[in-house]
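> below are the sequence and a predicted model; questions follow.
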Amino acid sequence: MREVGFVLTLAFFVGASILMAVQTGFCKDIVGVIVVDMQGDFTTLKNGALAVNGTDKAFVERVQKATEALKQKGCTIFATQDWHPKDHISFFTNHEGKKPFEAIQIEGRTQVLWPPHCVQETDNAALLLDKSLFAAVVKKGQDKKYDSYSGFQDDGGKQTEMAKILKESGIKELIVYGIATDYCVKATAIDAAKEGFKVTVIENLCRGVAPETSAKAIQEMKDKGITVKQEL
Ligand code: VGL
Ligand code: ZN
(Lines give C-alpha, C1' and ligand atoms only; values in the text may rest on other atoms or scores of the structure.)
(Ligands and ions follow the chains in the order given, each with its own letter.)
Protein backbone atom coordinates (compact mmCIF):
# COMPACT_ATOMS: atom_id res chain seq x y z
CA MET A 1 0.00 0.00 0.00
CA ARG A 2 2.80 2.42 0.90
CA GLU A 3 4.43 1.71 -2.52
CA VAL A 4 1.23 2.62 -4.36
CA GLY A 5 1.06 5.93 -2.54
CA PHE A 6 4.68 6.64 -3.39
CA VAL A 7 4.22 5.82 -7.09
CA LEU A 8 1.10 8.02 -7.29
CA THR A 9 2.90 10.95 -5.62
CA LEU A 10 5.85 10.53 -7.99
CA ALA A 11 3.53 10.34 -11.01
CA PHE A 12 1.81 13.54 -9.86
CA PHE A 13 5.08 15.46 -9.56
CA VAL A 14 6.43 14.21 -12.92
CA GLY A 15 3.12 15.12 -14.61
CA ALA A 16 3.02 18.57 -12.99
CA SER A 17 6.62 19.32 -14.03
CA ILE A 18 5.93 18.36 -17.64
CA LEU A 19 2.83 20.58 -17.66
CA MET A 20 4.76 23.52 -16.23
CA ALA A 21 7.56 23.00 -18.74
CA VAL A 22 5.07 23.08 -21.61
CA GLN A 23 3.35 26.21 -20.27
CA THR A 24 6.60 28.11 -19.80
CA GLY A 25 7.55 27.42 -23.41
CA PHE A 26 10.23 24.92 -22.51
CA CYS A 27 9.19 22.77 -25.45
CA LYS A 28 10.60 25.14 -28.05
CA ASP A 29 12.32 22.07 -29.41
CA ILE A 30 9.26 21.40 -31.55
CA VAL A 31 10.10 24.57 -33.50
CA GLY A 32 12.56 24.26 -36.39
CA VAL A 33 13.99 26.94 -38.62
CA ILE A 34 14.87 26.48 -42.30
CA VAL A 35 17.32 29.11 -43.52
CA VAL A 36 17.04 28.96 -47.30
CA ASP A 37 20.02 29.30 -49.66
CA MET A 38 22.06 31.95 -47.81
CA GLN A 39 24.90 31.57 -50.31
CA GLY A 40 27.35 33.98 -51.90
CA ASP A 41 26.00 33.56 -55.43
CA PHE A 42 22.61 34.95 -54.38
CA THR A 43 24.04 38.05 -52.71
CA THR A 44 25.32 41.47 -53.70
CA LEU A 45 27.62 41.12 -50.65
CA LYS A 46 29.65 38.49 -52.54
CA ASN A 47 29.04 39.90 -56.02
CA GLY A 48 27.08 36.74 -56.75
CA ALA A 49 26.27 35.38 -60.20
CA LEU A 50 22.56 35.58 -59.34
CA ALA A 51 22.72 38.43 -56.83
CA VAL A 52 19.27 39.27 -55.46
CA ASN A 53 18.41 42.92 -54.64
CA GLY A 54 18.90 43.93 -51.02
CA THR A 55 21.30 41.13 -50.10
CA ASP A 56 24.08 43.37 -48.82
CA LYS A 57 26.23 42.99 -45.70
CA ALA A 58 23.48 44.43 -43.45
CA PHE A 59 20.96 41.85 -44.69
CA VAL A 60 23.30 38.89 -44.20
CA GLU A 61 24.19 40.16 -40.70
CA ARG A 62 20.51 40.57 -39.85
CA VAL A 63 19.84 36.97 -40.88
CA GLN A 64 22.87 35.75 -38.91
CA LYS A 65 21.73 37.61 -35.74
CA ALA A 66 18.10 36.48 -36.07
CA THR A 67 19.20 32.88 -36.50
CA GLU A 68 21.47 33.10 -33.44
CA ALA A 69 18.54 34.48 -31.42
CA LEU A 70 16.25 31.65 -32.52
CA LYS A 71 18.87 29.06 -31.64
CA GLN A 72 19.30 30.75 -28.26
CA LYS A 73 15.56 30.33 -27.68
CA GLY A 74 15.87 26.60 -28.27
CA CYS A 75 14.84 26.27 -31.91
CA THR A 76 16.67 23.71 -34.05
CA ILE A 77 18.23 25.36 -37.09
CA PHE A 78 18.41 23.76 -40.53
CA ALA A 79 19.68 25.15 -43.83
CA THR A 80 19.23 24.44 -47.50
CA GLN A 81 22.12 24.79 -49.93
CA ASP A 82 21.69 25.06 -53.70
CA TRP A 83 24.39 22.69 -55.01
CA HIS A 84 24.48 22.30 -58.77
CA PRO A 85 26.79 20.37 -61.09
CA LYS A 86 28.42 22.47 -63.86
CA ASP A 87 26.15 20.95 -66.52
CA HIS A 88 22.92 21.72 -64.63
CA ILE A 89 19.72 22.10 -66.67
CA SER A 90 18.86 25.47 -65.08
CA PHE A 91 21.97 27.23 -66.45
CA PHE A 92 21.30 29.25 -69.63
CA THR A 93 24.83 28.41 -70.77
CA ASN A 94 23.75 24.77 -71.16
CA HIS A 95 21.05 25.72 -73.71
CA GLU A 96 22.28 26.98 -77.06
CA GLY A 97 20.98 30.39 -78.08
CA LYS A 98 19.23 31.05 -74.74
CA LYS A 99 19.64 34.08 -72.53
CA PRO A 100 19.60 34.35 -68.73
CA PHE A 101 16.13 34.74 -67.14
CA GLU A 102 14.42 33.34 -70.26
CA ALA A 103 11.81 30.66 -69.50
CA ILE A 104 11.65 27.47 -71.55
CA GLN A 105 9.49 24.34 -71.48
CA ILE A 106 11.17 21.10 -70.47
CA GLU A 107 9.03 17.95 -70.42
CA GLY A 108 5.93 20.06 -69.80
CA ARG A 109 7.50 22.11 -66.99
CA THR A 110 8.47 25.76 -67.12
CA GLN A 111 12.16 26.18 -66.45
CA VAL A 112 13.62 29.62 -65.85
CA LEU A 113 17.17 29.74 -67.17
CA TRP A 114 19.62 31.25 -64.69
CA PRO A 115 23.19 32.40 -64.86
CA PRO A 116 25.40 29.52 -63.66
CA HIS A 117 25.29 29.72 -59.86
CA CYS A 118 26.07 27.66 -56.74
CA VAL A 119 28.30 25.27 -58.66
CA GLN A 120 29.42 22.50 -56.30
CA GLU A 121 32.64 23.26 -54.38
CA THR A 122 32.95 26.86 -55.66
CA ASP A 123 33.53 29.68 -53.13
CA ASN A 124 30.20 31.35 -53.82
CA ALA A 125 28.25 28.13 -53.26
CA ALA A 126 29.30 28.21 -49.58
CA LEU A 127 26.80 29.16 -46.88
CA LEU A 128 27.30 32.68 -45.51
CA LEU A 129 26.09 32.02 -41.95
CA ASP A 130 28.19 30.34 -39.25
CA LYS A 131 28.09 26.58 -39.85
CA SER A 132 27.91 25.99 -36.08
CA LEU A 133 24.29 27.24 -36.14
CA PHE A 134 23.02 24.27 -38.11
CA ALA A 135 21.83 20.87 -36.92
CA ALA A 136 21.81 19.80 -40.59
CA VAL A 137 22.38 21.29 -44.03
CA VAL A 138 20.30 19.82 -46.86
CA LYS A 139 21.82 20.14 -50.34
CA LYS A 140 19.53 20.33 -53.36
CA GLY A 141 19.70 20.60 -57.15
CA GLN A 142 22.50 18.05 -57.51
CA ASP A 143 20.78 16.10 -60.30
CA LYS A 144 21.72 17.83 -63.57
CA LYS A 145 18.34 16.89 -65.11
CA TYR A 146 16.13 18.63 -62.52
CA ASP A 147 15.94 21.99 -60.82
CA SER A 148 15.04 22.05 -57.12
CA TYR A 149 13.71 25.26 -55.61
CA SER A 150 12.19 23.30 -52.75
CA GLY A 151 14.36 21.99 -49.94
CA PHE A 152 12.06 18.96 -49.77
CA GLN A 153 12.06 17.63 -53.36
CA ASP A 154 13.28 18.32 -56.87
CA ASP A 155 11.19 18.93 -60.01
CA GLY A 156 11.44 15.23 -60.82
CA GLY A 157 9.69 14.46 -57.52
CA LYS A 158 12.76 13.00 -55.81
CA GLN A 159 12.67 13.77 -52.07
CA THR A 160 15.66 15.18 -50.23
CA GLU A 161 16.33 14.00 -46.65
CA MET A 162 14.61 17.15 -45.28
CA ALA A 163 11.20 15.73 -44.27
CA LYS A 164 12.82 12.67 -42.64
CA ILE A 165 15.34 14.76 -40.65
CA LEU A 166 12.66 17.19 -39.42
CA LYS A 167 10.30 14.41 -38.38
CA GLU A 168 13.06 12.44 -36.65
CA SER A 169 14.01 15.63 -34.80
CA GLY A 170 10.46 15.97 -33.46
CA ILE A 171 9.83 19.24 -35.29
CA LYS A 172 6.17 20.27 -35.66
CA GLU A 173 6.45 23.97 -36.51
CA LEU A 174 8.79 25.71 -38.93
CA ILE A 175 10.04 29.24 -39.36
CA VAL A 176 11.28 29.77 -42.92
CA TYR A 177 13.32 32.64 -44.42
CA GLY A 178 16.23 33.39 -46.73
CA ILE A 179 16.70 33.77 -50.49
CA ALA A 180 14.77 33.97 -52.76
CA THR A 181 11.24 34.82 -51.64
CA ASP A 182 9.76 34.12 -55.08
CA TYR A 183 11.63 30.85 -55.74
CA CYS A 184 13.30 28.73 -53.08
CA VAL A 185 11.68 30.27 -49.98
CA LYS A 186 8.23 29.96 -51.55
CA ALA A 187 8.74 26.37 -52.75
CA THR A 188 10.28 25.26 -49.45
CA ALA A 189 7.56 26.87 -47.31
CA ILE A 190 4.76 25.41 -49.45
CA ASP A 191 6.24 21.90 -49.36
CA ALA A 192 6.75 22.22 -45.60
CA ALA A 193 3.04 23.03 -45.19
CA LYS A 194 2.16 20.06 -47.45
CA GLU A 195 4.25 17.84 -45.16
CA GLY A 196 2.02 18.92 -42.27
CA PHE A 197 4.25 21.47 -40.53
CA LYS A 198 2.80 24.70 -39.17
CA VAL A 199 4.78 27.24 -41.22
CA THR A 200 5.65 30.89 -40.61
CA VAL A 201 7.65 32.93 -43.14
CA ILE A 202 9.46 36.06 -41.90
CA GLU A 203 9.30 38.62 -44.69
CA ASN A 204 12.08 41.00 -43.64
CA LEU A 205 14.51 38.07 -43.42
CA CYS A 206 13.77 37.26 -47.09
CA ARG A 207 14.76 38.86 -50.37
CA GLY A 208 13.16 38.25 -53.77
CA VAL A 209 14.43 38.18 -57.36
CA ALA A 210 11.65 40.52 -58.56
CA PRO A 211 9.02 42.64 -56.71
CA GLU A 212 5.99 41.35 -58.70
CA THR A 213 6.82 37.66 -58.35
CA SER A 214 7.70 38.19 -54.67
CA ALA A 215 4.32 39.84 -53.95
CA LYS A 216 2.61 36.96 -55.77
CA ALA A 217 4.65 34.44 -53.80
CA ILE A 218 3.63 36.02 -50.47
CA GLN A 219 -0.05 35.85 -51.50
CA GLU A 220 0.30 32.27 -52.70
CA MET A 221 1.90 31.21 -49.41
CA LYS A 222 -0.88 32.91 -47.40
CA ASP A 223 -3.50 31.19 -49.58
CA LYS A 224 -1.91 27.87 -48.68
CA GLY A 225 -2.30 28.50 -44.94
CA ILE A 226 1.22 29.76 -44.29
CA THR A 227 1.57 32.61 -41.77
CA VAL A 228 3.59 35.53 -43.16
CA LYS A 229 5.02 37.82 -40.47
CA GLN A 230 6.75 41.09 -41.28
CA GLU A 231 9.47 40.50 -38.70
CA LEU A 232 10.57 37.94 -36.16
C1 VGL B 1 17.16 29.94 -56.40
C2 VGL B 1 17.02 30.38 -58.64
C3 VGL B 1 17.82 29.31 -58.92
C4 VGL B 1 16.78 30.34 -55.00
C5 VGL B 1 17.96 28.85 -56.66
O6 VGL B 1 17.55 30.03 -54.07
O7 VGL B 1 15.71 30.94 -54.83
N8 VGL B 1 16.69 30.69 -57.39
N9 VGL B 1 18.29 28.56 -57.93
ZN1 ZN C 1 19.70 27.04 -58.41
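Yes, it's here. Ligands and ions are numbered 1, 2, ... in the order given.

> ok, now which ones touch residue 225?
Counting by C-beta atoms under 8 Å, 6 or more residues apart in numbering, residue 225 makes contact with 193, 199. No exception for glycine: its C-beta is placed from N, CA and C like everyone else's.

> nope, residue 205 is what I meant
Taking C-beta under 8 Å, 6+ apart as the test, what residue 205 contacts is 62, 63, 66, 177, 178, 231, 232.

> redo that, cut-off 6 Å
Residues in contact with residue 205 (C-beta atoms under 6 Å, 6 or more residues apart in numbering) are 63, 66, 177.

> most surrounded residue in these?
Among the contacts of residue 205, residue 177 has the most neighbours (other C-beta atoms under 10 Å), with 27 neighbours.

> doesn't that residue belong to a strand?
Yes. Assessed by DSSP: H, G, I helix; E, B strand; the rest coil, residue 177 belongs to a strand.

> just to check, it is in contact with residue 202?
Yes. Counting by C-beta atoms under 6 Å, residue 202 is a contact partner of residue 177 at 4.5 Å.

> any weak-confidence spans in the protein?
Counting by pLDDT under 70, the chain has low-confidence residues at 1-27.

> and the nearest residue to residue 178 once chain neighbours are set aside, how many neighbours?
In space, and not counting its chain neighbours, residue 178 is closest to residue 36: 3.2 Å by C-beta to C-beta, 6 or more residues apart in numbering. Residue 36: 31 surrounding residues under other C-beta under 10 Å.

> for the one 3 residues further on, same thing?
Summarising burial for residue 39: neighbours were counted as other C-beta under 10 Å, giving 26.

> what segments of this structure are helices?
Applying DSSP state H to the chain gives helices spanning 2-23, 57-72, 162-168, 186-194, 211-223.

> near ligand 1, which residues of the protein are found?
37, 42, 82, 90, 114, 149, 179, 180, 183, 184 (C-beta under 6 Å from any ligand atom).

> show me the two of those residues that sit farthest apart.
Distances among these were taken as C-beta to C-beta; the most separated pair is 90 and 179, at 15.4 Å.

> the two: who's more crowded?
Set residue 90 next to residue 179 and count neighbours by other C-beta under 10 Å: residue 179 wins out with 32 against 24.

> quickly list what the more buried one is bridged to.
Judged by DSSP bridges, the bridge partners of residue 179 are residue 207.

> that older thread, among the residues of the chain next to ligand 1, which are located in strands?
Judged by DSSP state E, those include 82, 179 as members of strands.

> what comes up buried for stretch 103-112?
111, 112 (16 or more other C-beta atoms under 10 Å).

> and stretch 44-56, by the same measure?
44, 45, 46, 48, 49, 50, 51, 52, 55.

> so the first one makes contact with residue 53?
By that I understand residue 44. No. The criterion here is C-beta under 6 Å, and residue 44 misses it with residue 53 at 7.5 Å.

> contacting residues for the residue nearest to residue 178?
Residue 36 neighbours (C-beta under 6 Å, 6+ apart): 80, 178, 184, 185, 188.
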